[in-house]
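1. next input, structure requested:
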Amino acid sequence: MKPLILSLALALPLLAAAPAAVHAQQTAAAATPGKQVVDNGSRILTTLQQRRVEFQKNPAALRDFIDGELRNSFDRDYAARLVLGPHGRGASDADVKLFADAMTENLMQRYGAVLVTIEGKPRIRLKSETPLPGNRGVRVSTELIREGGDPIPVDYLVRDNGGWKIFDVMVEGVSYVQTFRSQFDTPLRQKSIAQVAADLRAGTIQPQADGAR
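-> This next block holds a predicted model:
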């Protein structure tokens, strides 16, 4: 997959998991996980189109927009524990949060800017909702529809944690959690979680969404 398409497919699910606070109050009671993903993805795409020039001229405004959406949308601590895998066993909540925040900030710094390059008014189409084994949540299967291109299958794994929140994204069957768990395995064998988080913030570790080294 081309980097631009992969970045778009990764970034949009991270933003599409939950609405802003006011919107959440209006829809949380009625929205299924799939409807929430599609409705909020559409809302965010519209905002990005309307504010494209502003965001291109003012990266800080784009960052504020992304941070505001992510605050209630992405179950970053739970996702971080999944990425840490065996390295996270026995880790303190503080260390997990440190790693989660550093990983999310690193990804959004590198992939967030792609959101203002979106052309052709892509949209998200819901395909199905399937309960995950062990009552872990729901798999929301969708397609990212683009003008002049084939649909991209994107599955969101969500769980109810004060509202439906994403903890994994699967683009064309490739799990973001599994991809990053593999990439972080070596650094975490050599350093503490806090040290790896510091490297992420410093940019000396650059996880790749497509699994490239």
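2. what residue ranges in this protein score low on pLDDT?
-> Scanning the chain for pLDDT under 70 picks out the ranges 1-30, 70-72, 111-112, 118, 120, 209-213.
3. which parts of it are strands?
-> 123-131, 138-145, 152-160, 164-171, 174-175 (DSSP state E).
4. out of those strands, which gets nearest to residue 36?
-> strand 164-171 (5.5 Å; Cβ to Cβ). C-beta coordinates here come from the backbone N, C-alpha and C atoms, glycine included.
5. just the CA atoms of the closest one, as PDB, please.
-> The C-alpha trace of strand 164-171 is given here as PDB (Å, rounded to 0.1, in the frame of the first residue of the first chain):
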ATOM      1  CA  TRP A 164     -17.000   3.000  22.300                       C
ATOM      2  CA  LYS A 165     -13.200   3.500  21.900                       C
ATOM      3  CA  ILE A 166     -10.800   2.100  19.400                       C
ATOM      4  CA  PHE A 167      -7.900  -0.100  20.600                       C
ATOM      5  CA  ASP A 168      -6.800  -1.600  17.300                       C
ATOM      6  CA  VAL A 169      -7.000  -0.800  13.600                       C
ATOM      7  CA  MET A 170      -6.700  -3.400  10.900                       C
ATOM      8  CA  VAL A 171      -5.900  -2.100   7.400                       C
END
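6. could you check the angle strand 138-145 makes with it?
-> If you take axes from the mean of the first three to the mean of the last three Cα atoms, to 10 degrees, strand 164-171 sits at 50 degrees to strand 138-145.
7. re the thing from before, any idea which of the strands of the chain is most buried?
-> Of all those, strand 164-171 has the most neighbours on average by mean count of other Cβ atoms under 10 Å, namely a mean of 24.
8. elements contacting it?
-> For strand 164-171, the elements it packs on are helix 3-16, helix 33-50, helix 76-84, strand 152-160, helix 176-190, judged by 3 or more Cβ pairs under 8 Å, 6 or more residues apart in numbering; DSSP states H and E.
9. can you redo these as JSON lines with distance to residue 102?
-> Formatted as JSON lines, the helices and strands packed on strand 164-171 follow (distance: least, Cβ to Cβ, whole Å):
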{"stretch": "helix 3-16", "distance to residue 102": "15"}
{"stretch": "helix 33-50", "distance to residue 102": "24"}
{"stretch": "helix 76-84", "distance to residue 102": "9"}
{"stretch": "strand 152-160", "distance to residue 102": "22"}
{"stretch": "helix 176-190", "distance to residue 102": "11"}
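10. closest one to residue 137 among the ones you listed?
-> That would be strand 152-160 among those, by Cβ to Cβ, at 3.3 Å.
11. circling back: same list, the strands of the chain, but as CSV with distance to residue 38 please.
-> Shown next, in CSV, are the strands of the chain (distance: least, Cβ to Cβ, whole Å):
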stretch, distance to residue 38
strand 123-131, 5
strand 138-145, 7
strand 152-160, 10
strand 164-171, 12
strand 174-175, 21
